[in-house]
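Novice: Show me how the following folds:
(one chain, ligands or ions: 1)
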Amino acid sequence: MSPSRPAVFAQAPIGVFDSGVGGLSIWRALRQSLPNEHLLYLADSQYAPYGDRSPEWIVERTLQMTQLLVDQGCKALVIACNTATLVAAPALRSRLSIPIIAIEPAIKPAATLSHSRSVALMATSRTLDSSGLQSLIDRYASDVEVIRIPCPGLADRVEALQLSGPEIEAELKKRLAPALQSQADTLVLGCTHYPFLRPTIEAISGSRFHILEPSFAVAAQVHRRLEQANCLNTQAQAGNSAFISSAPVDQAQKVIQALTGLSEPTMLAFPIHSLNVL
Ligand code: DGL
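Specialist: Numbers count the residues shown, from 1 in each chain. The predicted structure is shown next:
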């Protein structure tokens, strides 16, 4: 907050956006690391998954959704979606003036950690095909084998709360097979939905991999950016959380309740009138 900016700016919420409920894995870390901040989470669950859509569609839709959070007065934006970051971050940064904290697969820490010089990456097809991912690999992991594991449909299962049980186990076994048969010692969860599947992934892979997902690193980065902008919320009381979803409210509330552990998550109406459906 600059000296001329009203104090209310520090009390404005941090906007958190994902194609659906996957970004709640980031919300969890933000809630823990920044307990005084108000959080406004937007899930575009009606239109999830983004991972199989065209880059043009993802850019347009992400711009619409993040504008909606800006219109609600958010002081900073967390793009809690690897797919939206890798495809739309440059467009967002050129349009919005508030701090944007984006998320990308943890390729850099994986390359640092891996002894076998082989890492596996689970992500959506769009993330795996993006030039953003390729440049991350070129920059930080050029001497590392990166085994790409496309996981179409997996984010949908999280949206449907299929987190454990024989069906999802069979699906994950199939997806993880190439990584389990390789030299990989590190597994990157390159989609914010997948941390909710971590217990099932661990049940299949045991202690075979270091599993990396960046939620606490993102929360630390949000803290740094707010501090730099002098707009950390220093109020003594706990911050609140509110949720907006493009899915029908009852359905959205049930899923958000299950993934956040909140007994009654506060749902705000989705301002549909302000959006074009693409
Ligand atoms: N949660 C999103 C991500 O981190 C992807 C899910 C989707 O395909 O919409 O990539």
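Novice: For the stretch 151-278 of the chain, just list every one of the strands.
Specialist: Taking DSSP state E, counting those that start in this stretch, the strands of the stretch 151-278 of the chain run over residues 186-189, 210-212, 241-245, 266-268.
Novice: show me the contacts for the nearest residue to Gln32 once chain neighbours are set aside.
Specialist: Leaving aside its sequence neighbours, Gln32 sits nearest to Ala219 (CB to CB, 6 or more residues apart in numbering; 7.3 Å). Using the backbone N, CA and C atoms, a C-beta is placed for each residue, glycine as well. Ala219 makes contacts with 26, 29-30, 32-34, as judged by CB atoms under 8 Å, 6 or more residues apart in numbering.
Novice: Buried ones among those residues?
Specialist: Buried members of the contacts of Ala219, counted by 16 or more other CB atoms under 10 Å: 26, 29-30, 34.
Novice: quick one: the residue in the stretch 1-150 of the chain that the ligand sits nearest to from Val70, how far?
Specialist: At 2.7 Å from the ligand, Gly51 is the closest residue in the stretch 1-150 of the chain, using CB to the nearest ligand atom. To Val70, Gly51 is 24 Å away according to CB to CB, to the nearest Å.
Novice: Compare neighbour counts for those two and give me the winner.
Specialist: Gly51 (28 against 15; other CB atoms under 10 Å).
Novice: Is that one in a helix, a strand, or coil?
Specialist: Here Gly51 is recorded as coil under DSSP: H, G, I helix; E, B strand; the rest coil.
Novice: these two touch, right, Phe243 and Tyr41?
Specialist: Yes: in this structure, Phe243 is within contact of Tyr41 by CB atoms under 8 Å, at 4.8 Å.
Novice: Which one of those two is surrounded by more residues?
Specialist: Neighbour tally, Phe243 and Tyr41, criterion other CB under 10 Å: the higher count belongs to Tyr41, 29 against 25.
Novice: quick one: what helix or strand has the more buried one in it?
Specialist: Taking DSSP states H and E as the criterion, Tyr41 maps to strand 39-43.
Novice: So what are the sheet partners of that strand and their directions?
Specialist: In the sheet, strand 39-43 lines up against strand 14-18 (parallel), strand 241-245 (parallel) (DSSP bridges).
Novice: Next secondary structure after it?
Specialist: helix 55-71.
Novice: That following helix and the ligand in contact?
Specialist: No: against the ligand, helix 55-71 shows no contacts by CB under 6 Å from any ligand atom, the least distance being 8.8 Å.
Novice: Which elements pack onto the next helix or strand after that helix?
Specialist: Note on helix 55-71: by DSSP H and E, the next helix or strand toward the C-terminus is strand 76-79. Under the contact definition 3 or more CB pairs under 8 Å, 6 or more residues apart in numbering; DSSP states H and E, strand 76-79 sits against strand 14-18, helix 55-71, helix 82-95, strand 100-102, helix 215-228.
Novice: try 6 Å
Specialist: Packing contacts for strand 76-79, counted by 3 or more CB pairs under 6 Å, 6 or more residues apart in numbering; DSSP states H and E, involve strand 14-18, strand 100-102.
Novice: Could I get the full set of helices for the stretch 101-250 of the chain?
Specialist: 107-113, 125-129, 131-140, 154-159, 166-180, 198-205, 215-228, 249-260 (DSSP state H, counting those that start in this stretch).
Novice: Spell out which parts of the stretch 51-200 of the chain neighbour the ligand.
Specialist: 51, 81-83, 124, 127, 155, 191-193.
Novice: How many neighbouring residues does the closest residue to Gln221 other than its chain neighbours have?
Specialist: Nearest non-adjacent residue to Gln221, counting by CB to CB, 6+ apart: Ile101, 5.4 Å away. By other CB under 10 Å, 22 other residues sit near Ile101.
Novice: Report the buried residues of stretch 42-61.
Specialist: Of the residues in stretch 42-61, 42-51, 53, 58-59, 61 count as buried by neighbour count, 16+ other CB under 10 Å.
Novice: next one: stretch 206-222
Specialist: Buried, per 16+ other CB under 10 Å, within stretch 206-222: 209-215, 218-219, 221-222.
Novice: now do stretch 73-92
Specialist: Quick answer for stretch 73-92 (16+ other CB under 10 Å): 74-89, 92.
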